[in-house]
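[1] Generate coordinates for the sequence data below:
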Amino acid sequence: MSAVATITLQDAQATPVAHNFVPLGPDKNGVWWWEDQTGAASIGYNRLSMALIRPSPAQPGQSSAERVNRLRLGIYTPKLEALGVSDSGFTPSPTIAYAPRAVMELIMSERSVLQDRKDLRKYAQFFLADAQVIAAAESLQNVW
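    Below is the predicted model of the structure:
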């Protein structure tokens with residue numbers, strides 16, 4: 001088990017900026033959260049999540065195919081609404097206009113060996129870096 005630490009990720013700006021996501025801790029469901037606290041209002045902070053779900057103790061007759069570890073990763077990047085001055089002359093509280101997000105789940109059999117898990121993580125990393133996936137995610141262009 002590794003100790004929780006700040007996660008640093010670069011954005012996709014022309015001159016990339018490093019964003020430090022500080023650990024907040026687990027929520028009531030055991031999901032760990034990290035937060036980039038550089039925004040103007042906390043409602044708009046970018047967040048990362050991670051949950052490792054282990055299988056429950058084995059039951060008699062249970063198939064090994066049912067016994068999997070699940071690693072769920074999430075990225076949440078809320079965008080704040082552009083606010084003007086209200087009729088009474090004050091600026092209203094910030095609100096979220098929309099929130100681009102990503103969810104990825106790695107499903108690993110209890111029977112998998114370390115190399116299997118390394119390969120799966122690396123495949124996911126390279127898959128996200130593939131030109132076809134980039135075109136679909138950034139330009140909304142499907143394959144044909």
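
[2] and for the longest helix seen in the chain, what are the contacting residues?
    As assigned by DSSP state H, the longest helix anywhere in the chain is helix 114-128. Helix 114-128 has contacts (CB atoms under 8 Å, 6 or more residues apart in numbering) with 104, 106, 108-109, 112, 133. In this view, the C-beta of every residue, glycine as well, is placed from N, C-alpha and C.

[3] got it, and stretch 10-21?
    Residues outside stretch 10-21 that contact it (CB under 8 Å, 6+ apart) are 6-9, 34-36, 38, 46-48.

[4] I'd like to know how far residue 59 sits from residue 102.
    Distance, residue 59 to residue 102, by CB to CB, to the nearest Å: 34 Å.

[5] Could you look up the SS state of the most far-flung residue of the chain relative to its centre?
    For the chain, the residue at maximal distance from the C-alpha centroid (CA atoms, centre = their mean) is residue 88, at 39.3 Å. With DSSP: H, G, I helix; E, B strand; the rest coil as the basis, the three-state label of residue 88 is coil.

[6] quick check: domain ranges of the protein?
    If you go by automatic domain parsing, the domain ranges for the chain are 7-112, 113-144.

[7] what would those domains look like in a markdown table with mean pLDDT?
    As requested, these are exported to a markdown table (pLDDT from 0 to 100):
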| stretch | mean pLDDT |
| --- | --- |
| domain 7-112 | 90 |
| domain 113-144 | 93 |
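
[8] winner for burial among these?
    domain 7-112 (a mean of 12; mean count of other CB atoms under 10 Å).

[9] how far is that one from where the chain is centred?
    Put simply, domain 7-112 sits 4 Å off its chain's centre (CA atoms, centre = their mean, to the nearest Å).
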